[in-house]
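Asker: Generate a structure from the sequence data that follows.
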Amino acid sequence: MTIKKEYRNNGAMGALLDEYQKAINELTLTIKGLNQDDLKLYIDDETNDDDCKSVQTILSHIVQSGYTYVVEIRK
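Answerer: Residues are numbered from 1 along each chain as shown. Below you'll find the model as predicted:
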């Protein structure tokens, strides 16, 4: 996988979006080898936070948060 480096030329907002792009690329490399069973695996049975129980719920939380942050930055 080739990681695309894009540097936006619109100040602080561009710098933040570049950092989000870098984080997305790193996350993609980290989870690349996971299969459906790995995603469903519970990694913390003791937590009360539903977003932290499995790899899948953690990834869902990350994606949802990232989307929300980008929308807020663009506003």
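
Asker: CA atoms for contacts and neighbours, from now on please.
Answerer: OK.

Asker: Quick one: the helices in this protein, in order.
Answerer: 11-31, 36-40, 55-74 (DSSP state H).

Asker: of all the ones you listed, which lies closest to residue 49?
Answerer: helix 55-74 (9.9 Å; CA to CA).

Asker: ok, back up a step: indicate which one of the helices of the chain is closest to residue 48.
Answerer: Taking the helices of the chain one by one with CA to CA, helix 55-74 is closest: 12.7 Å.

Asker: That closest one - what's its average pLDDT?
Answerer: Averaging pLDDT along helix 55-74 yields 87.

Asker: Distance to residue 46 and mean neighbour count for the helices of the chain - can I get that in JSON lines?
Answerer: JSON lines is the format used below for these (distance: least, CA to CA, whole Å; neighbours: other CA atoms under 10 Å):
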{"stretch": "helix 11-31", "distance to residue 46": "23", "mean neighbour count": "14"}
{"stretch": "helix 36-40", "distance to residue 46": "16", "mean neighbour count": "12"}
{"stretch": "helix 55-74", "distance to residue 46": "15", "mean neighbour count": "14"}
